[in-house]
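> sequence first, predicted model second:
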Amino acid sequence: MFQFDGGKKERETCFVTHGAMGHLDPAQPPVRRKPYSTILAVPFAELILPQELYESIQIDMDSKFSVPTYSRVILPLAELLSGDFFTEYIKKGNVLMLSEGKQGVNDVYSLRDGVLTLALEKESYERAGLAGEPDGAKGKRGARARWLVEINLRQPSMLHGKKGFDRIVYAFKNVLNKPVTWLFCNLEGEAPSPDPLAKYFPVKINCPPSITRGPVVNMPNVKPPIGADEGDNFGDGCL
């Protein structure tokens, strides 16, 4: 349910894949080859189905997929790197986090797979002193300069006392130190005990899937005429 930025540069907004897929083992679905790697890289998906097909799988979906629970919590960036929160949720656990703000306008932070992504305005980037790359297409008129900083917090070097890590902590405490509202989701479901998030007084939010029934869509008949399976008639029937 998180709308993470797609990457460092502007990309196409729509991809279409069409084809027949072979048998899949539900216990060990493929994760590296396409199109499965592409699907797994999208954190938010919309499933569009005909009414009769949706009715046939609705019971299975309701029984196998639990309603996701999110938390809304206010904390500064430095708290992500401190104490049990850093150890239990980032080093050991698997959480998704997205800060308030609008992509391309405000400073926006996100955490996914242990990678902390900072989408910063030029002033914030220069003051923070962290290594990053330009964000967005170059030479775009009317666009403000923005920078993208990606930090893999699961690397062995990301520990207190290490020079590179202490530089990040310093930037978070002295420059990017404004408390922001986060949307937090624990992908492992069960929180550690005691919960490091509890001291920040999170507000729990249940997010059931939203079912939208669209208008009736008329599908054109694309089948060739009966008997016209070869020759010029077949070509004319398919046009």
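Here it is on my side, so go on.

> burial measure for A171, as a count.
Using other C-beta atoms under 10 Å, A171 has 20 other residues around it. No exception for glycine: its C-beta is placed from N, CA and C like everyone else's.

> which stretches of the chain form helices?
36-40, 51-64, 83-84, 122-128, 163-174, 231-238 (DSSP state H).

> dump the ones you listed to a markdown table, plus distance to V73.
As requested, the helices of the chain are arranged in a markdown table below (distance: least, C-beta to C-beta, whole Å):
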| stretch | distance to V73 |
| --- | --- |
| helix 36-40 | 26 |
| helix 51-64 | 29 |
| helix 83-84 | 15 |
| helix 122-128 | 22 |
| helix 163-174 | 16 |
| helix 231-238 | 57 |
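
> which stretch among those helices comes nearest C207?
helix 51-64 (14.8 Å; C-beta to C-beta).

> got the contact list for that closest one?
Around helix 51-64, the neighbours that count as contacts under C-beta atoms under 8 Å, 6 or more residues apart in numbering are L49, R213.

> now it: average pLDDT?
Averaged over helix 51-64, pLDDT sits at 80.

> now that helix: buried residues?
Buried positions in helix 51-64, judged by neighbour count with 16 or more other C-beta atoms under 10 Å: none.

> same deal with stretch 207-227?
Per 16+ other C-beta under 10 Å, stretch 207-227 contains no buried residues.

> distance between it and the chain's centre?
Distance of stretch 207-227 from its chain centroid, counting by C-alpha atoms, centre = their mean, to the nearest Å, is 28 Å.

> ends of stretch 186-203, what's the gap?
14 Å (C-alpha to C-alpha, to the nearest Å).

> could you do stretch 102-112 as well?
Length of stretch 102-112, first residue to last, C-alpha to C-alpha: 18 Å.

> which one of the helices of the chain has the poorest average confidence?
helix 231-238 (a mean of 50).

> and E46, how many neighbours?
For E46, using other C-beta under 10 Å, the count is 7.
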